[in-house]
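Trainee: Sharing a model that was predicted from the sequence below.
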Amino acid sequence: MNSKSRYAWAYMMIAPTLIGTLVFWFYPAVYSIYLGFLKSENFGLVNHWVGWANYERLFKDAEFWQNLRNTMLYVVLFVPTTIVLSTFFAVLLNAKIKGRSVYRVIYFLPQVTMAAAAAMVWVIIFAQDYGLLNSVLGTHVAWISDKRFAMYALVAVGVWGAIGFNMLLILAGLQGIPRPLYEAAELDGAVGFRKFRSITLPLLTPTLFFTSIVLVIGATQIFDSIYLIIGKTNVALPSVRSLVYAYYQNSFIYYDQNYGAAIVNVLLLINLILTGFQFLMQKKWVVYD
């Protein structure tokens with residue numbers, strides 16, 4: 001088989017994924033940017049070019065800034081908590097303990113549980129009158145309808161759902177650390193937390209860096225838990241409404257796709273800035289040697 005034939009087979013193998021990416025990801029992203037500069041009428045049959053008018057309206061909208069603060073607060077609470085707990089459980093499961101495979105399956109279960117089913121369980125757990133959490137704590141708190149606690153409830157649900165997958169990523173990073181390094185450290189007297197701080201943590205930073213990027217991008221797109229657990233009639237919705245939920249409201253409830261497109265275009269820019277900042281800062285803490 002000559003080189004041209006090998007390249008042809010290679011392109012044939014990646015064609016389904018490439019076509020799917022272009023059709024379902026690239027084209028919608030480009031079209032969304034285009035929609036942000038239009039004003040549509042008659043259910044999108046008539047479009048008028050309005051330039052930056054949608055963005056001017058967006059930046060003057062106090063609700064947008066509140067939604068942005070909600071989104072960033074969720075990111076700040078969710079990402080570090082998930083990384084710390086995922087690393088903690090990964091380290092535990094990397095040790096030689098009985099039933100490691102069973103524990104790995106248990107921790108990964110939230111990843112394969114239907115979002116709607118999980119949301120119903122969490123609503124019962126957080127219920128004010130008959131909820132499990134209030135029964136255990138002996139309290140009568142409205143966890144998902146009080147604006148003081150609703151965000152923390154969403155973070156708890158998000159962390160619960162994200163630990164399993166990220167724990168496996170970090171566990172793979174742990175298992176890639178050469179065993180002789182630990183043996184040499186033990187000969188030098190390093191044990192326990194000192195060994196973790198001096199060897200495990202530095203060599204795990206590339207995995208943690210990748211995990212942090214994925215988590216930040218995912219956290220800025222929080223929607224399903226707000227939709228399924230908080231609900232559109234909840235009085236606490238303004239205190240937890242994210243930019244993606246605002247996009248859903250404007251595009252599919254108010255039928256203002258152009259304003260909704262402006263919202264997600266700003267979110268795309270925010271994600272690009274955050275990701276670029278993370279790549280810029282990796283030089284200060286990520287160890288590749």
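Mentor: The structure has been received and is ready for your questions.
Trainee: For the helix or strand containing Leu169, name the packing helices and strands.
Mentor: Per DSSP states H and E: Leu169 is located in helix 150-175. Counting contacts by 3 or more CB pairs under 8 Å, 6 or more residues apart in numbering; DSSP states H and E, helix 150-175 packs against helix 62-94, helix 100-112, helix 115-126, helix 201-219, helix 224-225, helix 237-240. (C-beta placed from N, C-alpha, C; glycine too.)
Trainee: Need the winner for burial among the ones you listed.
Mentor: helix 224-225 (a mean of 20; mean count of other CB atoms under 10 Å).
Trainee: thinking again about what came up before, show the subsequent helix or strand relative to the helix holding Leu169.
Mentor: Taking DSSP H and E, what comes next after helix 150-175 is helix 179-187.
Trainee: tilt between the helix holding Leu169 and helix 62-94?
Mentor: 40 degrees (axes from the mean of the first three to the mean of the last three CA atoms, to 10 degrees).
Trainee: tell me which residues of helix 150-175 are tucked away?
Mentor: Neighbour counts over helix 150-175 (16 or more other CB atoms under 10 Å) mark 150-151, 153-159, 161-171, 173-174 as buried.
Trainee: With stretch 33-42 instead?
Mentor: For stretch 33-42, the neighbour count (16+ other CB under 10 Å) marks Leu35, Gly36, Phe37, Leu38, Lys39, Ser40 as buried.
Trainee: Out of these, which sit inside strands?
Mentor: In this view, the buried residues of stretch 33-42 that belong to strands under DSSP state E are Leu38, Lys39, Ser40.
Trainee: Determine the number of other residues adjacent to Gln278.
Mentor: As a burial measure, Gln278 scores 16 neighbours (other CB atoms under 10 Å).
Trainee: Excluding covalently adjacent residues, which one is nearest to the residue nearest the centre of the chain?
Mentor: Against the mean C-alpha coordinate of the chain, by CA atoms, centre = their mean, the closest residue is Gly218 at 2.2 Å. Once flanking residues are discounted, Gly218 sits nearest to Ala162: 7.6 Å by CB to CB, 6 or more residues apart in numbering.
Trainee: ok, that neighbour to Arg69 distance?
Mentor: Distance, Ala162 to Arg69, by CB to CB, to the nearest Å: 22 Å.
Trainee: circling back to that earlier point, reformat the helices and strands packed on helix 150-175 as a markdown table; add mean pLDDT.
Mentor: Formatted as a markdown table, the helices and strands packed on helix 150-175 follow (pLDDT from 0 to 100):
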| stretch | mean pLDDT |
| --- | --- |
| helix 62-94 | 95 |
| helix 100-112 | 83 |
| helix 115-126 | 93 |
| helix 201-219 | 95 |
| helix 224-225 | 94 |
| helix 237-240 | 96 |
